[in-house]
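Asks: From the sequence below, what's the structure:
(one chain, ligands or ions: 1)
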Amino acid sequence: MTYILKPIFVLGCLLLLISSRAQTLSSLPPGGDDGYRLWLKYDLIDDVAKRQAYARAAQFIALTGSGPVLRSAAEELQTGLRGLLGKTVPIISSVGSRTGGIVLRAGAPAATPPANREGYQIAADRNTLTISSPSEAGVLYGAFALLRQMQTRQPLDGLSLASSPKVQYRMLNHWDNVDGTIERGYAGGSLWKWYELPERIDPRYRDYARANASLGINGTVINNVNASARFMTAEYLQKVAALAAVFRPYGIRVYLSVYFAAPKTLGKLKTSDPLDPEVRKWWNDKVKEIYQIIPDFGGLLVKANSEGEPGPQDYGRTHADGANMLAEAMKPYDGVVIWRAFVYKADPKADRFRAAHEEFTPLDGQFDPKVIVQVKNGPIDFQPREPFSPLFGSMPKTPLGMEFQLTQEYLGFATHLVYEAPLFKECLDADTYASGKGSTVARVIDGSLHGYRTDGPSRTLMAGVANTGSNLNWTGHPMAQANWYAFGRLAWDHTLSAEAIAREWIGMTLTHNPQATSRIANLMLRSRDIYVDYNTPMGLSRPWTGVHFAPEPWQARSPRPDWTAVYYHRADSVGVGFDRTATGSNALAQYRPEVQQQWNDPETCPLPYLLWFHHVPWTKKLSTGRTLWDELCNRFYTGADSVRWMQQEWAAVKPALDPALHADVAARLVTQHREAIWWRDAWVLYLQTFAKQPIPAPFKKPERTLDDVKQSVETYLLR
Ligand code: BDP
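Replies: Next up is the predicted model:
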């Protein structure tokens, strides 16, 4: 008996041990920080004097109202303060004569009313901090702003903060599919568990809403622009409604990407022609059904006649015809139609750069007031560095929304550290000269340049293609959280600097150590240029088909010329680069003369944009004193070498950071370095076959041959 029982007992104990250890590991990873809490960490403030000062100012939270969004504000403050101060601050409903607390006031007139409904004011008066706004959402944003003050250890005495969003629709675009995958997602599967919805509500949905609300993001498109019609079925609308119910108390509205041919596929009509009365009726009925299920539904996002997606042109109609049909369906409701301008035809003679401008500018003034045209930041496709899209400033009668990409499709997925705020700022701060000097892209986007609307609310939009997924830390690369953060902050206020946002995020997420903060901020601010240098320097680009990760500058075979690599860089025995001046595609003519002037002359065109606009001889001497070939090599090599510098900088901040988080990033930097060399080698060895010049000193020629790299890429691309 004992003989038999003993091993079973031992095995049982062992299993118990293993399972309890597994449990411990999943709830508390070694070192502690698994990244799940993002920038909403609310860890106890260890500076006792500071903690006490904050505690004196936050003895209660007075909720003067009962709306759900206001309640979220109070609850978030309570959660935050519990963590930061280590005590539970009571939520009370009437202030009476009490002082020394935080008062939340929605709808009440403020001393200085904010510029718009979602703006807030935080004012300290006789020992009371009042957060006021015309709307509940504004109070929620104010509550997060107050927490941010404490999270970044700012004083509260005499606090006077007022802020209003510069853009009306601040939203994430999820490219999530029905099957749980994410197009261009690198942080796991979709956050939305379609098979569990609408019955089971993952607690994570609420945390997602909290994170967005903390930045002022007020909308989310939950499905892929390459949309499945299934999202518009009654079955899925119930699921979407369940998500909307979770997001609503955080001021976030839900939007859907729609499949333009749904009247045919879902409605079983003979056509999806936007001018067909039955088609129009189908959309009217569908939109009505949506609003019956989701009364505060935000609107529709459409990718049409782009990359094989159906659209109005299939019926000889225009983008405006398609968008206006949907706008008509939306007319009775407070929702919008967001129509994407990401279009380009498979024309072997065309320059893809020119496509969106050619198709959309003739339609300026033809769109219904409910339509916003959403434009990617650059004319091609989220390249590491692109000039701003010439559409900005070219459609004064049409509200243009910005589409940035947070997910790092061309920026090294989740293994490369690339802080994107400098990329966003570069575009937003670019001058279109549409109405003279100072006509920045930001002013096109926020409506101040063209004043878009006179007959209704303004329609201004900034969208970010989300980088979130089911990974515990949301974004795969822990530092990629900063891109979500930066996008939200800039959508609220595009005048913030990339550095200020980085410092704020570091303080809330990584460390309060001043030296470490400066080092990390510097590293983040340089990271995008470093990436560009080893990946696509001086205006090279690489939007060829495939996974968008492996280097394949030699790729020349595809059903469409614009889905090859050689189409973009045009390397030959003379030089490299795409001539977009009058002697080439003349895409430059799509910009205002002042902009053309900056880029038109290869002698004066800034080097970061040179090969976007010029085919430059290998031997051409540049402003740096080097020939083009030498300059390219210099950038590829210093770029890749700089990743070593990033590793050193990261190593130096180790004592100031959580060990688990530090180790995670350190490991990714090792991968990044290896991949940076891979990129460098691929490009220089390939371009060398045209330039026929040696790698300039002090750089050493790659250890592998071009065939070796090609082989490694082939292996990488194996399915
Ligand atoms: C490209 C992506 C593709 C998207 C497309 C889009 O590679 O997956 O569907 O953009 O924005 O960057 O529609």
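Asks: Averaged pLDDT, stretch 664-684. What do you get?
Replies: For stretch 664-684, mean pLDDT is 98.
Asks: what's next to that stretch, contact-wise?
Replies: 35, 412, 414-417, 473, 477-479, 534-535, 540, 551-553, 632-633, 636-637, 639-640, 643-644, 646-647, 650-651, 654, 695, 702, 704, 709, 712-713 (CB atoms under 8 Å, 6 or more residues apart in numbering). (C-beta placed from N, C-alpha, C; glycine too.)
Asks: Tell me the buried residues within these.
Replies: 35, 412, 414-417, 473, 477-479, 534-535, 540, 551-553, 632-633, 636-637, 639-640, 643, 646-647, 650, 695, 702, 704, 709, 712-713 (16 or more other CB atoms under 10 Å).
Asks: got a list of what K370 touches?
Replies: Residues in contact with K370 (CB under 8 Å, 6+ apart) are 327, 330-331, 335-337, 459.
Asks: one more time with 7 Å
Replies: 327, 330, 336-337 (CB atoms under 7 Å, 6 or more residues apart in numbering).
Asks: And these, which is closest to K41?
Replies: When the contacts of K370 are compared for distance to K41 (CB to CB), V336 wins out at 34.5 Å.
Asks: Do I have it right that the closest one meets F297?
Replies: No - in this structure, V336 is not within contact of F297 by CB atoms under 7 Å, at 10.4 Å.
Asks: re earlier: tell me which of the buried ones among the contacts of stretch 664-684 fall in helices.
Replies: 534-535, 632-633, 636-637, 639-640, 643, 646-647, 650, 709, 712-713 (DSSP state H).
Asks: and which of these is nearest the ligand?
Replies: N535 (15.6 Å; CB to the nearest ligand atom).
Asks: hey, which helix is longest across the chain?
Replies: Assignment by DSSP H gives helix 659-691 as the longest helix of the chain.
Asks: Return the set of buried residues in that helix.
Replies: Across helix 659-691, burial judged by 16+ other CB under 10 Å covers 660-662, 664-665, 668-669, 672-673, 675-688, 690-691.
Asks: Which residue does the stretch 351-500 of the chain have closest to the ligand?
Replies: In the stretch 351-500 of the chain, the residue that lies nearest the ligand is D381 (4.5 Å; CB to the nearest ligand atom).
Asks: which SSE is that residue in?
Replies: For D381, there is no host helix or strand (DSSP states H and E).
Asks: got the contact list for the closest residue to it other than its chain neighbours?
Replies: Excluding the flanking residues, the one nearest D381 by CB to CB, 6 or more residues apart in numbering is P543, at 4.5 Å. Neighbour list for P543: 380-381, 383, 568 [criterion: CB under 7 Å, 6+ apart].
Asks: In three-state terms, label P543 for me.
Replies: When classified by DSSP: H, G, I helix; E, B strand; the rest coil, P543 comes out as coil.
Asks: How about I131?
Replies: What three-state DSSP gives for I131 is strand.
Asks: Now do the same contact list for I506.
Replies: Counting by CB under 7 Å, 6+ apart, I506 has contacts 517, 520-521.
Asks: can you give me the helices in the stretch 451-600 of the chain?
Replies: With helices called from DSSP state H, counting those that start in this stretch, the stretch 451-600 of the chain shows them at 481-492, 498-509, 514-535, 566-569, 593-599.
Asks: before we move on, back to that, V336 and F297 - which one has more neighbours?
Replies: Applying other CB atoms under 10 Å to V336 and F297 shows that V336 carries more neighbours, namely 27 against 23.
Asks: Quickly note the distance from that one to S257.
Replies: Using CB to CB, to the nearest Å, we find V336 at a distance of 13 Å from S257.
Asks: And K288, by the same measure?
Replies: Separation of K288 from S257 (CB to CB): 19 Å.
Asks: One more: K303?
Replies: Counting by CB to CB, the gap from K303 to S257 is 7 Å.
Asks: go on, G180?
Replies: From G180 across to S257, the span is 16 Å (CB to CB).
Asks: In terms of packing, which of the two has more residues around it?
Replies: Between G180 and S257, S257 has the larger neighbour count (other CB under 10 Å), namely 24 against 15.
Asks: partner residues bridging the more buried one?
Replies: L301 (DSSP bridges).
Asks: check contacts around it.
Replies: S257 is in contact with 221, 223-225, 227, 301, 303, counting by CB under 7 Å, 6+ apart.
Asks: The residues you listed, buried ones only, as a PyMOL selection?
Replies: Burial among the contacts of S257 is assessed by 16+ other CB under 10 Å; the matching PyMOL selection reads:
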select buried, resi 221+223+224+225+227+301+303
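Asks: In strands, which of the contacts of S257 appear?
Replies: Using DSSP state E, the members of these that fall within strands are 221, 301.
Asks: Now, the contacts of S257 that are in helices?
Replies: Using DSSP H, no member of the contacts of S257 falls within helices.
Asks: If we check the ligand, which of the contacts of S257 are in contact?
Replies: Checked against the ligand using CB under 6 Å from any ligand atom, the contacts of S257 yield the following neighbours: 225, 303.
Asks: What is the nearest of the contacts of S257 to A187?
Replies: Nearest to A187 among the contacts of S257, with distances taken as CB to CB, is N224, at 15.5 Å.
Asks: May I have the distance across stretch 487-503, first residue to last?
Replies: 14 Å (CA to CA, to the nearest Å).
Asks: buried residues in that stretch?
Replies: Across stretch 487-503, burial judged by 16+ other CB under 10 Å covers 487-492, 494, 498-499, 501-503.
Asks: that older thread, looking at the helices of the stretch 451-600 of the chain, which one has the lowest mean pLDDT?
Replies: Ranked by mean pLDDT, the helices of the stretch 451-600 of the chain end with helix 566-569 at the bottom, a mean of 95.
Asks: which residues are in contact with it?
Replies: The contact list for helix 566-569 (CB under 7 Å, 6+ apart) reads 540-543, 553, 556, 561, 576, 578.
Asks: Out of these, which is nearest to Y315?
Replies: The closest of those to Y315 turns out to be P561 (CB to CB; 26.7 Å).
Asks: So for that closest one, what's the pLDDT?
Replies: Reported pLDDT for P561: 88.
Asks: Quickly note the distance from it to Q555.
Replies: In this view, P561 and Q555 are 12 Å apart by CB to CB.
Asks: more crowded one of those two?
Replies: Legend: neighbour count by other CB under 10 Å for P561 and Q555, higher for Q555 (18 against 15).
Asks: and the more buried one, what is it in contact with?
Replies: Q555 neighbours (CB under 7 Å, 6+ apart): 544, 564-565.
Asks: next one: A521
Replies: By CB under 7 Å, 6+ apart, the residues touching A521 are 499, 502-503, 506.
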